[in-house]
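Peer 1: the following comprises the amino acid sequence and a computationally predicted model.
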Amino acid sequence: MLVLSGLLLASCVEEFNFENETFEYLLVVDATLTDEVKHHEIYINRAHKFETQEPNKVTGATVKIIGNHTTYLFEEKVSGTYVSLDSFSAQPNMAYHLEITTKNGTNYASDTNQLTTKTTIDNLYAFREANDNGNDGVVLYVDSFDPSNTSKYYRYEFDETFKVIAPRWVDEDAYIVSDNYPDCIVALEPRSEDVKVCYRTETSPVINITNTLAFTEDRVQKHPVNFLTNQDYKISHRYSILVRQYVITEQAYAFWNTMNSFVEERSLFSQVQGGFVSGNITSVSNPDEKVIGFFEVSATSSKRLFFNYTDFYAGEPLPPFKIQCTESAPDLFDISHNYKCGSIMAVIRNRSMVYLKDNTGEFPRGGPYVMIPTACGDCEALGNTTPPDFWVE
Amino acid sequence: MRKCYLILFLLTVQTGFSQTKEKRITISFENSPLPSVFELLEQQTDYTFYYIDDWVANTNVSGNYQDKTVATIIEDILEDTVLNFYTTEDNRIILLQNTIVYEELPRNFFGKKETETTTTPDTPETSINAPVFYNEAKTPTPTTIETFRIGKVNTTTTQQKYILRGQIRNSENGSPLENVAVTIDNSNLGTVTDAQGNYSLELSAGVRIISVNLLGFAGTKKRVVLYNNGTLDFGIIESLEGLDEVVLIGNVNKNIEDTNVGTTQVDVENIKNIPLVLGERDVFKAAATLPGIASAGEGASGYNVRGGKEDQNLILLDDGVLYNPVHFFGIFSAINPFTSNEVTVYKGHIPAKYGGRLASVFDIKTKDANVEKFSGEASIGPVTSNLVLETPIVKDKVAILVGGRTTFTDIILRNLDEEELRNSEASFYDVVVKYNHELNEKNKISATGYYSRDAFSITSDSLFKYKNRMVSLQWEHKFEDTHKAKFTFSNTGYDFDLNFEGQANNNFDLQYRLNETNIQAGFVNKISEKHTLGYGLSTKLYANNPGDRSPNGNNSIITATRIPRERALEAALHISDIFNITDRLTAEAGLRFSFFAALGESVQNIYVEGVPRSNGTLIEQREFGSNEIVETYTTPEYRLALRYLIMPDLALKGSLNRQAQYIHKLTTNTTASPVDTYKLSNINIAPQRGLQYSLGVFKNFKEGMYEASVEGYYKTATDILDYKVGAEVLLNETLEQDVLQGEGRSYGVEFLLKKNKGSLNGWVGYTYSRSMLKLDSEFSEERVNNGEFFPSNYDKPHDFSLVANYKITRRFSFSGNFVYQTGRPVTVPIGNVVVNNAELVVFSDRNEFRIPDYYRLDLSFNVEGNHKRNKLAHSFWNISVYNVLGRNNPYSVFFVAEDGNVKAFQTSIFSVPIPTVSYNLKF
């Protein structure tokens, strides 16, 4: 039997933690200069360990873009975010480069870049289709065409804004009257209509690139920029997407393509060769230091699209809400630990739950109110109640 | 003591007589010189006479014999001479000259000890140190050793050294034996026989015990009383049984005398006691315990020889190439240990007749089937069972051998309750068939067929199958004793299939096929004592199907992908000379001129030169018709080796070797499975070329009981294939865009200390080596690690192994081996970054980290059956525990992206101690 178990271990692929004691807090530069006249933003942070959630912002750096016979200075607006003092745009046929000096005096510089060809998005449209995994959903496509045949490499970003309606909204809200034991008192107050309908905006979380090398014309045709399954709450009511197309260089394309390949899911039998990918930013002070990032000078174009759930799924049930609206009745008094008020006080105070209805015996041993997770009754947990400026019904 | 000795001597003579009695002849001669009488006798009988001409020069004899035995005749004609004779079992009659009776005792008979150093050259009289009477050794010799008196004492001689010559033949068929070690016990003297089986030793007069040893033959000892220059021939018997009298030892000083630096011989008999996986003896695993040869990892198929890639080893079975001769992730080699005769690993100097790989040659020979009698060998264990049968078809001429191994794990798996295990598969088998036919003395043909198949589940929803097929036909022809030829035809196939059937709709079948047909002719011509010329030519045709993926099932969304077939021709001309410049200095100079042509039908992508290859720089898709030459490469490969004998047991060897390799294995070490495919050189992919310098000192101690060696090497290589960051190798239609070819560099020093004899024997090997790669370019996407040298995937600086066998009694023996290797380098994801709102993963520099070190201890215990000589079968039990320490040695580490995170996975085999019992039988 031991022999057998040994043999079977061979077919065993197990997950393990790779000990990485010498984590390097590599500098990460996120800088795209476009041909739009605006206050450009550059984000500087550092790589973070897998187990930590947030990148470490780099504060106190000096940031400038030099080009077009001008030095454009940036100032730190919020930590790690640097905004140009002047509103400007990248001009064609000018060489631009980025210079950064961190607080400790290390200098970084990018290669010089020129503005890429201006190519606009011709069409942005949505189809109800099944994706590769056979899931039904809505695919958003773009078309673009560069008659000069010089764009070739494209990167897409999008902002999606959608209406969120709290599914279990009621016009009353619980509040704490007293949580001073033994005076554990909660009460209800009327609530405004406001928190029933909100608008939420999310930015594309992936790098989406494409090229037109395989085609005789420099034409992006039916390139998918986003896929929303029919189970996605985002499309439940009204959905809007703003797609931005950046024409990028071949080097930038190669950089993003490789970075992307590491996070694309693929089969166990076909992984890609890992390794450090250097962009076009290097440390002037210490050429051996690794820096991540690609300073792009891109011509950009954007387009917005709206659609309603009923445009594709008329008469069909809505997708499930983002979260499950599980009901419970938190205790008013703490049963196990004497001399304390119950958990209802905490959920009201930190607003993790909201009032749904009175507990009329559904939870015989629970508190006075039946409560649900906040987002189910208060859309402000997910968005803003005021529609954005571009919003049209 | 002397009396006892004389009796034994007489007994042996008696035996001689009793054998010669059998044939009776009629012969007459009148006053003929002795040599002509012997010639006459040789014509009438199948006896051969051995003597020194001086003995018989002026002796004429007459006689008339009717129906007498040869023995009687010889006895009669030698009556009036000082000659005695001895008849060997293989019908050789050796004349012996007895001593002259001294009238008085020599002056130094009393008092002075008889040693080689007692003589003083300026006083000629005292230098007569030829024995007059000799004293036997103080301790009785337990075995019978025949004594021969060589030469006639010449009282006037002042010569201190005499030449003893002779020929060593296989007693069974009379063929001369090459490379037989002829050594003098209790001295450092020794030599090996040449291609005609001749040896020559310079000895001082006196009593010597001469040992003759050759692997696979019974060691023989003869006592020689040397009076003068003389001749002593030996007939030795092939031995596969461990008979009491037989001392099986390696060629004493073979390691010293051999011109080749960096050659390792794995003696299949000797590996019997190395504890190996699940009771399996394994030539490859045994080789991997020697310095310079590292297993690519637990279960990883392949070996890294002197910092070379796994694909840089040419594995030959009876001159046919094998691509992946391993079972079960490389846990077992797919070479049946019962059918292999010997394995020679060339890791330094590679003779010019071999070519096509940069790092090494593993030359495996299947043993000839037994032409004398039906015999076999079998072993049965819980995991593998092995059976080999040999039978003569025409006695002494034609025989066939069939061997097969298999595993029964599948049956066990199928009967398990747990569903996941029940659907798993782990099975393999291999079959080898050898046919050998001796047409006549000058011609011999043989054929070998080989097939191995493996099937196992890497994950519960996949099945990986692979096959090796090989057929080789050989014709050996002897023009004359010094001029031989060998013609070989072989065909090899290596295939794998990966069948994936998961829950989702991405099921697929993946196929890979490689076929190679090889024809070669090789000649060896010993022009003179000083020159042995080798020359020949070879040509092979490759057909490679790099990958074919098809959807599996109706709902599979996988698109069928087929990478176009590749074909190529590789040919080589080679010539070499082994030149014995002086007794001490031997050189081997060889030149191999290799030629490679990629053939159509093919479509080759042409890119703008001087910039990274990408779809953006692709300018043309050039089409080639069937058999049209796509691209050619040629390489002059020089192979030089030099050996200088400082002392008979101390040698200095050096070599300089250039190699070319036209086929590349694509492996990224980043996946769960061994789906490695091969790629032929073409317009975009250049052949790999390498240069190795090596130097070694080899020393034997105590008659070869101990062997010690230190070898160093430095290798450079060009166009070693590696990959761009982000490359995906499998089913890549534009592979040339993702591969990089760079410079390789490796160096190392290897120490080996071996104890060959005694109840405790074994070896200790240690290697310090580095293997580096440089991928540099002016374009950052083609640069890896800033264009600096970085450790290759198989850079394992420290490699230590210890193999020890301890024989408690004749029947019980105990053995253990311990292996330690630095963990191989690996590229790991080091953290997340957020760019453009996307959370991405950052990998370390290439091979910046290492997987944990590898170590393993195995122990085994052998119990042999009794040693009665006439037993029908010889058997032994082997109880072994693999990985006694239960070390979890990962063989593969890879990273998979899941939901934007990257998870690390490892595959490991046998992370617990595995005990096995196997029963082995030989008959």
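Peer 2: Thanks, I have it.

Peer 1: ok, whichever strand in chain B runs longest near chain A or not?
Peer 2: Looking across chain B with DSSP state E, the single longest strand is strand B:531-551. No. Figure legend: strand B:531-551 not in contact with chain A (Cβ under 8 Å from any Cβ of the partner chain); closest approach 9.9 Å. C-betas here are computed from N, CA, C, even on glycine.

Peer 1: pLDDT on that strand, on average?
Peer 2: Mean per-residue pLDDT for strand B:531-551: 94.

Peer 1: first to last residue in stretch B:178-190, what's the distance?
Peer 2: Length of stretch B:178-190, first residue to last, Cα to Cα, to the nearest Å: 14 Å.

Peer 1: and for stretch A:76-83?
Peer 2: Start-to-end, stretch A:76-83 (Cα to Cα) is 6 Å.

Peer 1: next: stretch B:322-337.
Peer 2: End to end - Cα to Cα - stretch B:322-337 spans 16 Å.

Peer 1: just confirm residue A:256 is within a helix.
Peer 2: Yes. Under DSSP: H, G, I helix; E, B strand; the rest coil, residue A:256 sits within a helix.

Peer 1: look up phi and psi at the closest residue to residue A:212 other than its chain neighbours.
Peer 2: Spatial nearest neighbour of residue A:212, chain neighbours left out: residue A:218 (4.9 Å); criterion: Cβ to Cβ, 6 or more residues apart in numbering or on different chains. Backbone geometry at residue A:218, expressed as degrees, to the nearest 10, gives phi -80, psi 70.

Peer 1: okay, now residue A:218: neighbour count?
Peer 2: Applying other Cβ atoms under 10 Å in any protein chain shown, we find 22 residues neighbouring residue A:218.

Peer 1: tell me the contacts of it?
Peer 2: A:119, A:145-152, A:212 (Cβ atoms under 8 Å, 6 or more residues apart in numbering or on different chains).

Peer 1: the residue in the stretch 451-600 of chain B that chain A sits nearest to and residue B:426: what is the separation?
Peer 2: Using Cβ to the nearest Cβ, the closest approach of the stretch 451-600 of chain B to chain A is made by residue B:457 at 4.9 Å. From residue B:457 across to residue B:426, the span is 7 Å (Cβ to Cβ, to the nearest Å).

Peer 1: tell me which of the two has more neighbours.
Peer 2: Comparing residue B:457 with residue B:426 by other Cβ under 10 Å, the one with more neighbours is residue B:426, at 23 against 20.

Peer 1: what's the burial count for the closest residue to that one other than its chain neighbours?
Peer 2: Leaving aside its chain neighbours, residue B:426 sits nearest to residue B:456 (4.4 Å; criterion: Cβ to Cβ, 6+ apart). For residue B:456, the neighbour count with other Cβ under 10 Å is 23.

Peer 1: show the backbone phi and psi for residue B:456.
Peer 2: Torsion angles, degrees, to the nearest 10, at residue B:456: phi -150, psi 160.

Peer 1: for it, list each beta-bridge partner.
Peer 2: Beta-bridge partners recorded for residue B:456 (DSSP bridges): residue B:426, residue B:464.

Peer 1: how about residue B:407?
Peer 2: Here residue B:407, judged by DSSP bridges, has bridge partners residue B:384.
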